[in-house]
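A.B. asks: what shape does this take:
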Amino acid sequence: MISAELRDHYVVCGWGAQGTRMVQDLLSLHPPPQIIIICRRPIDEVVELPEHSHVTFVHGDPTHTSVLTRANAGAARAIVILGDAIEGDRLQTVDARTTLTALAIRQISPTVPLLAELRSEDNLAVARDAGVDEWILADHFSGAMLSQSIQSPGLSELFTRLFETGAGYALREEMVPPELVDQPFSRAIARTRPLGLGALAGLHRDDVIYLPPQEDLILKADDRLLLMQRMAPRS
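C.D. replies: This next block holds a predicted model:
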């Protein structure tokens, strides 16, 4: 039974192999957050479902607001919709369910951060109109990494280290510290390491990502730094 007082947790709608990796990464945080997984399939049919005291499974259809309410979706820190495909589903069917889930979530909360996995780039506009804030095209990213690796041998090791579960390195966003406001990006590069923020890779400003920006670009208070940080190894 999920407490009605639960707040600031993560909700995962749908399931798949990619969900296992995502949940493992979240559980590697200190302290680990509470995670609720909503899936149409019974728990005994869900492959690689993490067993952890901070993970709760809800059997139900996330396109229904009543099921989302059971997971306290309106009070979540963020919600992720995975492309939950059951045998025989077409790509369009999977993305259509993702869109319906997004619409149901927006009935519960118009502001909760919402990330979705999509199978087809053709469905981006529809997902955006349904209230999805950010999206991932898994097949698109896989193709891009293969292309980069074949052009520059050795990059596959970089991708492996960057995306290693619960260890290795991670890309994170941080607001620009007050002492770096009005400083050029070139100075910020040298100052982020002593501040313990990590290696500065780029800048996120007004929904645009610069990798990297011009060195003389002056940082603003509402900019977000893109940093590569070494993750603490799990004990």
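A.B. asks: strand partners (parallel or antiparallel) of the host helix or strand of residue 202?
C.D. replies: Applying DSSP states H and E as the criterion places residue 202 in strand 199-205. Using DSSP bridges, strand 199-205 pairs in its sheet with strand 208-210 (antiparallel), strand 224-230 (antiparallel).
A.B. asks: burial measure for the residue nearest to residue 42 when sequence neighbours are not counted, as a count.
C.D. replies: Excluding its sequence neighbours, the residue lying closest to residue 42 (CB to CB, 6 or more residues apart in numbering) is residue 59, at 5.8 Å. From N, CA and C alone the C-beta is placed, and that goes for glycine too. Counted with other CB atoms under 10 Å, the neighbours of residue 59 add up to 15.
A.B. asks: from residue 70, how far out is residue 59?
C.D. replies: To residue 70, residue 59 is 10 Å away according to CB to CB, to the nearest Å.
A.B. asks: joint contacts of these two?
C.D. replies: Residues touching both residue 59 and residue 70 (CB atoms under 8 Å, 6 or more residues apart in numbering): none.
A.B. asks: can you name the residues that contact the residue sitting nearest the centre point of the chain?
C.D. replies: Taking CA atoms, centre = their mean, the centroid of the chain lies closest to residue 115, which sits 6.4 Å from it. Listed by CB under 8 Å, 6+ apart, the contact set of residue 115 reads 78, 79, 80, 81, 132, 133, 134, 135, 136.
A.B. asks: pretty sure the fourth one contacts residue 102?
C.D. replies: Translated: residue 81. Yes - using CB atoms under 8 Å, residue 81 is in contact with residue 102, at 6.3 Å.
A.B. asks: anything in contact with each of those two?
C.D. replies: Joint contacts of residue 81 and residue 102 (CB under 8 Å, 6+ apart) are 114, 116, 132.
A.B. asks: since that was my last question, I'll sign off now.
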